[in-house]
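Undergrad: got a predicted model here, sequence first, then my questions.
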Amino acid sequence: MTIPEFTMADFWPVIPAGILTAAAIVLMISEVFLGAAASRTYQSLLSVLACVLAGAVALMNMTDTPRAVLQGYAVMDPFSSFLTLVVCVGTGLAALLAAGFLQHRNAERGEFYALMLFAAAGMTLLGLSNEFITLFVNLEVLSVATYALTAWLRRGSRPSEGAFKYFILGAFAAALMLYGAALLYGATGTTHLTDMAAKLRAALAETDASGGHPKQMLIYAGFLLVGAGFAFKVAAVPFHMWTPDVYEGAPTPVTALMSAGVKAAAFVALVRVFMALGPAVDPQLPFIAFSVLALLTMVVGNLLALPQRNVKRMLAYSSIAHAGYLLLGVAALFAVGKDAKVGVLSSTPLVGISGSMQSDVYQGILFYLLGYTVTAIGAFGTIVALERREDETKGNAWDLDRFAGLGSRKPGWALAMTVFMLSLGGVPPTVGFIGKVLLFRAAVDAGLLGLSIVGMLASAAGVYYYLRVVVYMYMRPAPEGALVPERRWTTELALVATAAGTVLFGVLPGPITALLQRTDMLFHR
Amino acid sequence: MSSYDSRLLNFVIFAPLVFAAVLFILPKNEKGQIRALTFIAMLVDAALAIWAYVRFAEGPAEFRLEYWASWVPEIGLSYHVGIDGIAASLVLLTGILGPLVVLASWTFVQDKVKEFHLAILILQTAMMGALCSLDLLLFYIFFEAMLIPMYLLIGVWGSEERQMAAMKFFLYTLVGSLLMLVALLGVYFIATPAGQHSFDYAAVYNGLLGGSREVAACVKAGGENCSLSPVAAALMRYGPWMFGAFALAFAIKVPMWPVHTWLPDAHTQAPVAGSMILAAVMLKMGTFGFWRFAVPLFPAAAQKYQLALATLAVIGIVYGALMCLAQRDIKRLIAYSSVSHLGYCMLGLAAMTPEAATGSAYQMLNHGVSTGALFLLFGMIYERRHVRLLSDYGGLAKVMPIFTAFFVIVTFSSVAVPGTNGFIGEFLVLLGTFNSKLPLWVGVLASLGVVLGAAYMLLMVQKVFFGPVTRKENQQLHDLNLREIATTVPFLILIVVMGLRPQPLLTVIEQSTRRYVARATLGPESSEPQLQVKTRPPPTPAPAPAGAIPSLKLGENEAPKPSPARDRLLRPMISPNSPRPVLMAAPPANAQGAH
């Protein structure tokens, strides 16, 4: 048995995950020495520190040369490094929000933050997995941690319902994906994505005596099962049913982490897998499949969010809609250079040959992920600041009425929430607007005119329900005896940071776009 | 051009925002201080706007006072501002209106005073920014940014149905502008070469020039089997759609029939400041958008749909006027009169003749002044009585003589009585329309609108001011106080001055008219020059397409010269039959002194 040799160059991409895991272990051990009444604010701050350190390493990794590491089981490229950055930003902010939330419920324990950091480590590793088993293991690391986090507040029917639903459906989706991967392995005999792509081509070219392709069904079935597993993770319609219940039932800081980090990691893994395998299997199928998913997700997500009075549920549907815009970006990746005619999904280059570059699409997707992470965590953070334990049992903890008159009761929170709502709606000068411009710019460049127009109209419907929150905050009087929980500096710090980030990156997106202006974004061998 | 000039517009745009930041830290109970500070901010901005206008009027070139700064170079977005004639006059209007808006709501707004004044300061920045932008995406950002403060103005400080009206206003405008964003991205990819995509107005404008000319040639040749360059082929295929998206966004803003339905609600529910800003400036963003973007970027499509555009404008004129005759609510009546008046602006733009385009721009200013004043005056009486129906008033002339006198003068301006500003604008538009390629019935129907306009406005004046005082509550009304008079008098001065001495403004406007008309009527052989702006660093040398059109530096080379277009423009007004002897007193030669 030969022992593989690793150098430091192999470990740089996994160092952020290492930092996060180490901090998680420290937190778990430190919990042993604490009494029930001890102050645990340091746990939140330690988590934030770990995220800052991991993020800094990820930022350094952005400038490193893209390459395959750890014997090809993982890759080091700007795409995964930026995901690590996004995950660290999201986890850090969510940990900051969790402090106040858990203290209010007397549920703050080191294990919570440890689980959060384990999940974050899983997310960063998921982004750089270049092999199916690694990918599956990391997916499970992050999923199991989030199942547990969803059920953190055991009391009440909603957390158990949410957690149970998430667990059952998540396990089902993971099984689908694993089964799909097994089928692909059966057809090719490898689990490495880059090898698999070459062998898929060869396997599809094989013909048997009667002129058929013996492995074709196997490969297509595996491909679709893997796709379905990812579609579940990113909550694409029609695999979105779990999202509202789980988002509503989970503790709000966990919801924030799910809407931002889990989704971002799943998107990055999805792009990596399908960019490697998709063109090998079929030149048209990935484009059509992602276009249909994007269309359905954008339209259905926005339409289902319209009637919601429960703000947390509304944000859950809104996260589905945003997954739709990101899927539009993914469809644009596969549309580049194509001239496909499929009705509204058609892709027609604007000027003769398409001048579009996939790097623009990556830039759009990654910027959008960062912008959405900051904004969505801010929006959930406002809910954290507002919700009180006493209301949860009554079931109206997140009703729009809770926001009534907030503009006069808590002008700062109302202003921050307004910024988040405008950013989610894509109104300038916020990061959501720049993200939307970058993403739709890539889509238009790829020739996806019909989908872009549908997406824009769907987002106009989106602005309606975002603005309704603003209406309640500024134009409805506060209900009698409306109580607001006491202020907590950690929560307010998170709100200030997200609101400032939302506006700042909306006005000066230059540093981020410059960071993402790369032609070697995704590593292919 | 001094270095101050190149930064002047930045101050015009951002001065209100800086004051807003100061206002933000003031305690919210100091209502007097808040009002005074906002007033000072608006006065400063007005002074800067007047300065910008004067500096503009002194020089020769078309786009002036430019400032360019890199913003997001990765996608070709830059901060590029500059004004041409029409932007300069609209900046002037916006600037002058600012302090008056603050004065008008001095006592009306008592609730959330700080937020109210923050909103109007931010709105001022957004409006100035949209007028000055020379970058498509920058314009879009300011255009959208205007929505939020206006939405809050209507929704928070409006009347009883305010939330519905605010939401309607926001969503209507947003749907249009989101579709425009897709078209904007499309034109960005088509007009600028790969690898150097840019949202810069000049880059897009020049990039489309050759293509537009090819399309015009192709259309002239019957539209079949032309060999087109890639840009021209894309324009041929997508040009009408992109023009449609731009036109829809701006038509909603104008608003043109049949997408005007948000306007009566928004105007009726908005507070007086909101109505004034909405009528005087924000609606102009629609016509200005046609002038700056929709028509010049897609001349072939604009020519194709010229008659459709003119027809919608005329329907707006007549329909707006007829709706006015049927209204019982005074604010709704003034709102529908806006639909009718802006129909003239759109007709002037659609006619694509120099007279009509100049008249259209002048009418934009007129409508700002006269409708702004109408909403202001109605706001004063609404503050006293809090009712809006015609039947709630009557015989006010006896109780409020000063108010009545003011209102009647503004009404004259609105119905275009000779001697007021309204006359010049409508006259030029109608004249230009009759001179244009449009069929005769367009002009005839539009003229009918003038008669209807007089009818509904005078009927309203009669019902509100004359006859016996029918309501007991109205007998106790006190006449205007000093602040209210001071707010109104600038409008009256503008009405009279713009009516009697239109040449200085017309001279400034006319500079952009020439380019607008030349570009709108772009044909295969027209020698329309490229647009070059000075302050932008030269682009990295691109592989120049064969037969590149030599560009003309507009900044310095163009010497001021007598304009035949203007002579032609003013000649009809100086004819012996002219009912306006006062215009003859100022020969065109004088007007050129302003160069």
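TA: Right, received. Where do you want to start?
Undergrad: quick check: the closest residue to chain A within the stretch 351-500 of chain B vs B:Asp392, distance?
TA: Going by Cβ to the nearest Cβ, chain A is nearest to B:His386 of the stretch 351-500 of chain B, at 19.1 Å. Where you see a C-beta, it was placed from the backbone N, CA and C, and this is true even at glycine. In this view, B:His386 and B:Asp392 are 10 Å apart by Cβ to Cβ, to the nearest Å.
Undergrad: so which of those two has more stuff around it?
TA: Higher neighbour count among B:His386 and B:Asp392: B:Asp392, with 18 against 9, using other Cβ atoms under 10 Å in any protein chain shown.
Undergrad: identify the residues contacting the more buried one.
TA: B:385, B:471 (Cβ atoms under 8 Å, 6 or more residues apart in numbering or on different chains).
Undergrad: show the pLDDT at it.
TA: Per-residue pLDDT puts B:Asp392 at 83.
Undergrad: list the residues that contact the closest residue in space to B:Gln306 that isn't next to it in sequence.
TA: Nearest residue to B:Gln306, sequence neighbours excluded (Cβ to Cβ, 6 or more residues apart in numbering or on different chains): B:Ala350, at 5.7 Å. By Cβ under 8 Å, 6+ apart, the contact list for B:Ala350 reads B:306, B:309-310, B:313, B:438.
Undergrad: take these and keep only those in helices.
TA: Counted as lying in helices by DSSP state H, out of the contacts of B:Ala350, are B:306, B:309-310, B:313.
Undergrad: chain A: which of those is nearest?
TA: B:Leu309 (22.1 Å).
Undergrad: isn't the closest one up against B:Phe246?
TA: No: using Cβ atoms under 8 Å, B:Leu309 is not in contact with B:Phe246; the gap is 12.0 Å.
Undergrad: which element follows the helix or strand the residue nearest to B:Gln306 falls within toward the C-terminus?
TA: Assigned by DSSP states H and E, B:Ala350 belongs to helix B:330-351. Using DSSP H and E, the helix or strand that follows helix B:330-351 in sequence is helix B:354-385.
Undergrad: with neighbour count and pLDDT added, can I get the contacts of B:Ala350 in CSV?
TA: Output for the contacts of B:Ala350, formatted as CSV (neighbours: other Cβ atoms under 10 Å in any protein chain shown; pLDDT from 0 to 100):
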residue, neighbour count, pLDDT
B:Gln306, 20, 89
B:Leu309, 25, 91
B:Ala310, 28, 92
B:Ala313, 29, 93
B:Leu438, 24, 85
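Undergrad: let me have these in TSV, extended by distance to B:Leu494.
TA: Shown next, in TSV, are the contacts of B:Ala350 (distance: Cβ to Cβ, whole Å):
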residue	distance to B:Leu494
B:Gln306	32
B:Leu309	29
B:Ala310	29
B:Ala313	25
B:Leu438	31
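Undergrad: ok, so of those, who is nearest A:Leu102?
TA: Set against A:Leu102, the nearest of the contacts of B:Ala350 by Cβ to Cβ is B:Leu309 (61.3 Å).
Undergrad: give the contact list for the residue in the stretch 101-250 of chain A positioned nearest to chain B.
TA: Using Cβ to the nearest Cβ, the closest approach of the stretch 101-250 of chain A to chain B is made by A:Val237 at 21.1 Å. Residues near A:Val237 by Cβ under 8 Å, 6+ apart: A:293, A:296-297, A:300-301, A:320, A:324.
Undergrad: which of those sits closest to chain B?
TA: A:Gly324 (15.0 Å).
Undergrad: you'd agree that closest one is in a helix?
TA: Yes: counting by DSSP: H, G, I helix; E, B strand; the rest coil, A:Gly324 is found in a helix.
Undergrad: would you mind measuring from it to A:Ala443?
TA: A:Gly324 is 12 Å from A:Ala443, by Cβ to Cβ.
Undergrad: between these two, which contacts overlap?
TA: A:Gly455.
Undergrad: next, count neighbours for B:Ala232.
TA: Around B:Ala232 there are 24 residues (other Cβ under 10 Å).
Undergrad: where does the stretch 201-350 of chain B come near chain A, residue by residue?
TA: Within the stretch 201-350 of chain B, the residues that sit near chain A (Cβ under 8 Å from any Cβ of the partner chain) are B:230-231, B:233-234, B:238.
Undergrad: from those, which two are the most distant?
TA: B:Pro230 and B:Tyr238 (12.0 Å).
Undergrad: these two: which is more packed in?
TA: B:Tyr238 (22 against 15).
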